[in-house]
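predicted model and sequence follow; I will ask about them next.
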Amino acid sequence: MEQKTFSRYEIFVVAILTILQFTLILDFMVLSPLGPFLMPDLHITTGQFSHVVSAYAFSAFASGILAAGFADKYDRKKLLLFFYIGFIAGTLFCGLATSYYSLLAARIVTGLFGGVIGSISFAIITDLFRLEVRGKVMGFVQMAFASSQVLGLPIGLYFANLWDWHSPFMMIVLVSIIVVGLIIVYLKPIDEHLKVKSDRNAFMHLAKTATNGIYFRTFIATALLATGGFMMMPFGTVFGVNNLKISKDDLWILYTVTGVFSMVLGPLSGKLADSWGKYKVFLLGSVTVIFISIYYTQLGPTPLWMVMIINIVMFAGVSARMISSSALTSAVPALQDRGAFMSINSSLQQLSGGLAAYAAGLIVVQAPSGKLQHYDTIGYVVSGTTVITMILIWFVNDYVMNKPQPAAPPVAHAAE
């Protein structure tokens, strides 16, 4: 029977995972707009700034691979709490950093723990919700991406202007501590996967999951999805201030307006993915990203209102890709492999993103005037990888559409 509405507990699960993702995404996203503040304060170059951004991704990749073999051996609630508390500690270190090297070390610690949390969250969603409604669930959870712009980035930039660039990280720490309390008190154990017997040890489990044919093809496809965000985002604010000539004082307006529209368009993309087709929505989002990324990266001084429109369309395309592809790939692994699959998948995305951020630092050069050079090259690279993912995700979609789907998860319909 098709699930029409969510129970109160299911609503809580979606809400707490959305807030959790909000803190994770904000921790990453806030680094980009803080670039104009911390780069002169710490006396770091564009190359060093890209190292700070990519350090998170590389450490997240390492921890995700190491954790993959154990991801299906424990209650997902316990794993979530362990890594989230570590993420809070790493973010606290970012808020206390006073030099390039201390900030770099703090980002490594944050990535070691934070990089695994997304995969655990998606494993929880896959355990508790059917594929038919997973697009809607992913739409709300991914709404954290927009919420971090509407609520987090403007507040973070305000605090950075009022005090200094350390304060937004301390804000994230305070919010995250509240989230930990709610998870401890209200989230039920998530251990249905432990009832599926497996005689594989952690390393054997990792090896079997990594070498599975369809899993491997999915890993390659989703790894490339991270390229666009990690290549364009680290220097997005610097490009806006120095090339598009947007005032630092107007950045919060840009992020707020873009985020408000994204908060509405994200859930709509999820609903559309469930009703119209996840791959169709992915294609629509991908074509949008291709055209906008090429156009945007070649702009010079541009009115704020026009930059707002371009950003709204771009983030609509990005959200459509993220939501539809996440819903599709979540249906690929078997129950007993979900944790390991999600960990490896997330790790490869982080590695791809880290390499992309590092490559962006090699491509982009900041002139003495502050203007970024060769940013348009990044637009072409992003478009090329997007075309490749359109082809690869087609194979994933074909597999999912021809794979028998399991019955409704018992936990998802448990009595309150």
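Structure's in. What do you need? Residues are numbered from 1 along each chain as shown.

which strands and helices sit next to the helix or strand hosting residue 113?
Taking DSSP states H and E as the criterion, residue 113 maps to helix 100-128. Packing partners of helix 100-128 (3 or more Cβ pairs under 8 Å, 6 or more residues apart in numbering; DSSP states H and E): helix 8-29, helix 35-42, helix 46-68, helix 76-96, helix 131-141, helix 304-330, helix 338-363. Where you see a C-beta, it was placed from the backbone N, CA and C, and this is true even at glycine.

quick check: buried residues in the second one?
By neighbour count with 16 or more other Cβ atoms under 10 Å, helix 35-42 contains the buried residues 35, 36, 37, 38, 39, 42.

could you give the angle of that helix to helix 100-128?
140 degrees (axes from the mean of the first three to the mean of the last three Cα atoms, to 10 degrees).

give me the distance from helix 35-42 to the chain's centre.
24 Å (Cα atoms, centre = their mean, to the nearest Å).

contacts for it, please.
Residues outside helix 35-42 that contact it (Cβ atoms under 8 Å, 6 or more residues apart in numbering) are 44-46, 49, 99-100, 103, 160, 164-165, 234-235, 237-238, 241, 248.

looking at pLDDT only, which of the residues you listed scores worst?
Lowest pLDDT of the contacts of helix 35-42: residue 234, 68.

which positions in the helix holding residue 113 come out as buried?
Buried-residue list, helix 100-128, by 16+ other Cβ under 10 Å: 100, 103-128.

tell me the spacing between residue 171 and residue 94.
11 Å (Cβ to Cβ, to the nearest Å).

residue 101 too?
From residue 101 to residue 94 the distance is 13 Å (Cβ to Cβ).

next one: residue 209
Using Cβ to Cβ, residue 209 is found at 32 Å from residue 94.

what of residue 218?
32 Å.

and residue 162, by the same measure?
Counting by Cβ to Cβ - residue 162 and residue 94 are separated by 18 Å.

repeat that for residue 379.
29 Å.

comparing those two, which residue is more hemmed in?
residue 94 (26 against 20; other Cβ atoms under 10 Å).

which residues does that one contact?
27, 103, 106, 107, 110, 166, 169.

possible to save the residues you listed as TSV with distance to residue 398?
Listed next are these as TSV, based on distance: Cβ to Cβ, whole Å:
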residue	distance to residue 398
27	36
103	44
106	43
107	38
110	37
166	48
169	43
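
before we move on, back to that, filter the contacts of helix 35-42 to the buried ones?
Counted by 16+ other Cβ under 10 Å, the contacts of helix 35-42 give 44, 46, 49, 100, 103, 160, 165, 234, 235, 237, 238, 241 as buried.

from those, which single one is nearest residue 73?
residue 103 (34.0 Å; Cβ to Cβ).

and that closest one, what does it touch?
38, 42, 52, 94, 97.

next, give me the two most distant ones among those.
42 and 94 (12.1 Å).

give me phi/psi at residue 165?
phi -70, psi -10 (degrees, to the nearest 10).

how far away is it from residue 159?
9 Å.

just residue 326 next, same as before
31 Å.

compare these two (neighbour count), which wins?
Taking neighbours as other Cβ under 10 Å, residue 326 and residue 159 compare with residue 326 leading, 26 against 18.

what distance do you get for the more buried one to residue 135?
Taking Cβ to Cβ, one finds residue 326 at 9 Å from residue 135.

repeat that for residue 160.
Relative to residue 135, and taking Cβ to Cβ, residue 160 is found at 36 Å.

equivalent analysis for residue 58, please.
Going from residue 58 to residue 135 by Cβ to Cβ gives 31 Å.

out of these two, which sits in the busier spot?
residue 135 (27 against 22).

check the more buried one and give its pLDDT.
75.

tell me who's in contact with residue 358.
Contacts of residue 358 by Cβ under 8 Å, 6+ apart are 50, 51, 54.

how about 7 Å then?
Listed by Cβ atoms under 7 Å, 6 or more residues apart in numbering, the contact partners of residue 358 are 50, 54.

break down the stretch 201-350 of the chain into its helices, ranges please.
202-211, 213-223, 226-232, 236-242, 251-276, 278-296, 304-330, 338-363 (DSSP state H, counting those that start in this stretch).

run through the stretch 101-250 of the chain and note the low-pLDDT ranges.
Scanning the stretch 101-250 of the chain for pLDDT under 70 picks out 145-154, 193-206, 210-211, 228-230, 234.
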